[in-house]
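**Student:** One predicted model, sequence on top.
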Amino acid sequence: MEPSYDGDYAAAPGSYDYADDMAAGEAESAPESALAPAPSMDAPSGGPRAAEAASGGDGVGGMAMRDEAPPSPSPAKSKASRGADKKGEGASMRERPPEEAKIAAEHDRDRRDRNIQSGTLTAGSFDDNLNPWVFNTFVDQARSQPDLSRLASAFGTQRTVLRVQDVHGRPVGNAKVEIDGKHMMTRSDGRVVWVQGWDSGSQGQGKAKISHGNANATVSINNQIEQLVTLKDTQGTLPDQLDIALVIDATGSMGDELEFLKVEIRDIAAAIEHHFPGVDQRFALIVYRDTGDQYTTRVFDFTGNLGRFQKDLGAQSANGGGDYPEAMDAALIAAEKLSWRNGDTARVTFLVADAPPHADKVDDTLDAVDGLRSMGVAVYPVASSGVAGEAEFVMRAAALLTGAQYLFLTDDSGVGNPHAEPHIPCYTVEQLAPLMVRAVRSELAGHRVEAEPQFSIRTVGEGQNGVCSQQRRPTKIAK
């Protein structure tokens with residue numbers, strides 16, 4: 001059973017001036033390096049397919065389901081393969097001779113029709129709020145990309161973690177926070193994250209109004225990485241409820257990830273129950289593709305019936321897609337509308353994807369993240385095979401804004417297409433299932449839960465408790 005408040009919160013080390021950190025980051029950054037380009041087109045990589053509901057609009061196992069279909073369906077499109085990264089490689093299915101395209105598609109299906117076994121996918125994780133200098137370097141290099149320049153500039157401004165606690169030093173979850181008209185809610189660790197350029201703009205004053213029950217406080221955000229606020233006349237309590245939403249890109253390249261979740265979800269729920277036996281668990285599912293596919297989003301609202309949830313998850317298949325970006329914005333807007341519970345509830349979204357939203361939908365995507373943040377939902381992206389710079393930036397920004405961690409698949413398992421190396425200097429590789437469980441444990445425990453040695457496969461770089469040792473020369477982003 002997970003002990004309550006059984007360790008100190010792993011905050012960013014020290015209390016140093018943000019401007020100094022920004023200056024250091026600018027001095028060390030390598031702006032000439034470019035973000036990795038979007039992958040080239042190739043054959044689809046769908047995993048073993050469960051039969052979809054024939055009507056496309058009825059739930060499986062009695063679970064409520066909503067389909068948001070495009071105005072007029074089009075033939076299924078092939079999603080980008082992530083394997084080729086050299087110029088001239090990875091020609092699209094449309095560009096291949098018909099015989100070659102057919103052989104490639106059949107070979108890909110044969111290879112993936114083998115059942116995904118439990119514990120096969122491997123991943124690492126990273127907390128940008130504990131490593132501001134790393135994110136600063138990433139932001140500086142993203143500024144050189146036309147599609148990311150404006151957004152990167154907004155995130156390259158002051159970022160402060162407000163941590164709300166009671167007089168006994170316990171984190172206060174579900175505290176409402178308003179900063180320059182932007183609404184947020186603390187999670188079980190008492191934190192919210194303010195990004196000046198994104199949340200307040202140049203005209204913002206950086207004043208935070210905080211309330212929890214009858215307790216209220218107003219503070220000016222200082223020039224620090226983290227700022228502690230103590231609320232009187234209230235008491236921090238841990239969650240006794242858990243809402244988990246799986247938001248999954250179900251286009252053709254996501255077969256491995258989808259099949260993994262079908263296999264692992266019951267064990268993940270059981271592991272959470274082992275650590276927190278008194279917590280009531282509910283699950284929701286959103287699968288999404290893109291405009292012009294069979295559907296854009298397919299929504300299953302929260303249920304406490306795990307068997308029912310498994311049936312609905314098991315009925316989904318990976319198909320469609322075509323071009324690189326997908327309808328991530330529509331999926332996260334749908335996630336906002338789920339029946340999230342109030343009160344002492346840990347609220348978690350796992351965003352499992354390998355592609356960004358369309359360029360003109362990036363703001364809508366992060367606006368939806370803001371909506372989730374206002375309800376105290378932590379967004380944990382799971383970056384899958386082939387994630388390029390645009391997708392990595394959007395997904396890391398979503399994790400940063402909601403105080404979560406960026407999860408990313410690695411090649412250690414040998415399953416699926418090659419996975420892009422993240423622009424991160426230190427992390428531990430472990431199996432994905434224990435990593436997802438650890439993320440949820442952190443949300444329920446009110447503090448960061450570290451990786452356990454028995455689950456560690458290998459370690460990259462040097463760091464402790466999620467904080468990387470600052471290098472004299474930061475890792476460059478591959479061209």
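**Tutor:** Great, that's in hand.
**Student:** Quickly list the domain ranges of the protein.
**Tutor:** 116-131+140-148+238-468, 156-230 (the TED database).
**Student:** State the mean pLDDT of the longest one.
**Tutor:** Same thing as domain 116-131+140-148+238-468. Domain 116-131+140-148+238-468 carries an average pLDDT of 94.
**Student:** Dump the domains of the chain into JSON lines; add mean neighbour count as well.
**Tutor:** Every C-beta, even on glycine, is put in place using the N, C-alpha and C of the backbone. Formatted as JSON lines, the domains of the chain follow (neighbours: other Cβ atoms under 10 Å):
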{"stretch": "domain 116-131+140-148+238-468", "mean neighbour count": "21"}
{"stretch": "domain 156-230", "mean neighbour count": "19"}
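**Student:** wait, isn't residue 140 in contact with residue 149?
**Tutor:** No: Residue 140 lies out of contact with residue 149 (Cβ atoms under 8 Å); the separation is 11.2 Å.
**Student:** Contact partners for residue 403?
**Tutor:** Taking Cβ atoms under 8 Å, 6 or more residues apart in numbering as the contact definition, residue 403 lies against 129, 161, 187, 189, 191, 192, 193, 378.
**Student:** Pick the one among those residues closest to residue 425.
**Tutor:** residue 129 (15.5 Å; Cβ to Cβ).
**Student:** gap between the closest one and residue 154?
**Tutor:** According to Cβ to Cβ, to the nearest Å, residue 129 stands 16 Å off from residue 154.
**Student:** Over to residue 126?
**Tutor:** Residue 126 sits 21 Å away from residue 154, going by Cβ to Cβ.
**Student:** what does residue 344 give?
**Tutor:** According to Cβ to Cβ, residue 344 stands 33 Å off from residue 154.
**Student:** repeat for residue 273
**Tutor:** On the measure of Cβ to Cβ, residue 273 and residue 154 end up 40 Å apart.
**Student:** and what of residue 292?
**Tutor:** From residue 292 to residue 154 the distance is 30 Å (Cβ to Cβ).
**Student:** try residue 232
**Tutor:** Residue 232 is 34 Å from residue 154, by Cβ to Cβ.
**Student:** Which of those two has more residues huddled nearby?
**Tutor:** Neighbour tally, residue 232 and residue 154, criterion other Cβ atoms under 10 Å: the higher count belongs to residue 154, 17 against 10.
**Student:** ok, that one - contacts?
**Tutor:** Per Cβ under 8 Å, 6+ apart, neighbours of residue 154: 195, 197, 198.
**Student:** Could you do residue 444 as well?
**Tutor:** By Cβ under 8 Å, 6+ apart, the residues touching residue 444 are 2, 188, 238, 239, 242, 272, 275, 276, 279, 346.
**Student:** Narrow the contacts of residue 154 to those in strands?
**Tutor:** residue 195 (DSSP state E).
**Student:** so which of the contacts of residue 154 comes closest to residue 391?
**Tutor:** residue 198 (18.2 Å).
**Student:** And the contacts of stretch 198-207?
**Tutor:** Counting by Cβ under 8 Å, 6+ apart, 154-155, 157, 179-180, 182, 194, 196, 218-221, 366, 401 sit against stretch 198-207.
**Student:** These in strands, which ones?
**Tutor:** 179, 182, 194, 218, 219, 220.
**Student:** Mind putting those residues into a markdown table with pLDDT?
**Tutor:** Formatted as a markdown table, the ones in strands among the contacts of stretch 198-207 follow (pLDDT from 0 to 100):
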| residue | pLDDT |
| --- | --- |
| 179 | 96 |
| 182 | 95 |
| 194 | 98 |
| 218 | 97 |
| 219 | 97 |
| 220 | 95 |
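**Student:** quick check, nearest of the residues you listed to residue 448?
**Tutor:** Out of those, the member with the shortest distance to residue 448 (by Cβ to Cβ) is residue 194, at 19.6 Å.
**Student:** Once you drop chain neighbours, what's closest to the closest one?
**Tutor:** Leaving aside its sequence neighbours, residue 194 sits nearest to residue 160 (Cβ to Cβ, 6 or more residues apart in numbering; 5.0 Å).
**Student:** Against which helices or strands is the host helix or strand of the one you found packed?
**Tutor:** Assigned by DSSP states H and E, residue 160 belongs to strand 159-165. If contacts are counted by 3 or more Cβ pairs under 8 Å, 6 or more residues apart in numbering; DSSP states H and E, strand 159-165 sits against strand 191-195, strand 207-212, strand 226-230.
**Student:** any idea how far residue 134 lies from residue 277?
**Tutor:** 37 Å.
**Student:** Check residue 232 too.
**Tutor:** According to Cβ to Cβ, residue 232 stands 33 Å off from residue 277.
**Student:** any chance you could map the helices in the protein?
**Tutor:** 18-28, 98-112, 132-142, 149-155, 255-275, 306-314, 328-336, 362-374, 389-401, 432-445 (DSSP state H).
**Student:** Which two of the contacts of residue 403 have the greatest separation?
**Tutor:** Greatest spacing in those, by Cβ to Cβ: 161 and 378 (13.5 Å).
**Student:** Provide a list of residues in contact with residue 210.
**Tutor:** Counting by Cβ under 8 Å, 6+ apart, residue 210 touches 162, 164, 175, 176, 177, 216, 217, 218, 219, 229, 231.
**Student:** show me the contacts for the nearest residue to the last one once chain neighbours are set aside.
**Tutor:** Residue nearest to residue 231 in three dimensions, not counting chain neighbours: residue 215, with 4.3 Å by Cβ to Cβ, 6+ apart. By Cβ under 8 Å, 6+ apart, the contact list for residue 215 reads 231, 232, 233, 234.
**Student:** Likewise for residue 195?
**Tutor:** Applying Cβ under 8 Å, 6+ apart, the residues contacting residue 195 are 154, 155, 157, 158, 159, 400, 401.
**Student:** Flag the shaky bits of the stretch 1-150 of the chain, pLDDT-wise.
**Tutor:** 1-119 (pLDDT under 70).
**Student:** bridging residues for residue 288?
**Tutor:** residue 249, residue 297 (DSSP bridges).
**Student:** Tell me the spacing between it and residue 249.
**Tutor:** Going from residue 288 to residue 249 by Cβ to Cβ gives 6 Å.
**Student:** shared neighbours of those two, which are they?
**Tutor:** Common contact partners of residue 288 and residue 249 (Cβ under 8 Å, 6+ apart): 326, 328, 331.
**Student:** residues contacting the first one?
**Tutor:** What that stands for is residue 326. Taking Cβ under 8 Å, 6+ apart, one finds 249, 251, 288, 289, 290, 353, 355, 356, 357, 358 in contact with residue 326.
**Student:** between those residues, which is nearest residue 301?
**Tutor:** The closest of the contacts of residue 326, once distances to residue 301 are taken by Cβ to Cβ, is residue 288, at 15.2 Å.
**Student:** Return the residues in contact with that closest one.
**Tutor:** Here residue 288 is in contact with 247-250, 296-298, 326-328, 330-331, 334 (Cβ under 8 Å, 6+ apart).
**Student:** Give me the angle between the strand holding residue 160 and strand 207-212.
**Tutor:** Counting by axes from the mean of the first three to the mean of the last three Cα atoms, to 10 degrees, strand 159-165 points 30 degrees away from the direction of strand 207-212.
**Student:** export strand 159-165 as CSV, just CAs?
**Tutor:** The C-alpha coordinates for strand 159-165 follow below in CSV (Å, rounded to 0.1, in the frame of the first residue of the first chain):
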residue,chain,number,x,y,z
ARG,A,159,8.0,29.7,-16.3
THR,A,160,7.1,29.3,-12.6
VAL,A,161,5.8,26.4,-10.6
LEU,A,162,3.4,27.5,-7.9
ARG,A,163,3.2,24.9,-5.1
VAL,A,164,0.3,25.3,-2.7
GLN,A,165,0.5,23.7,0.7
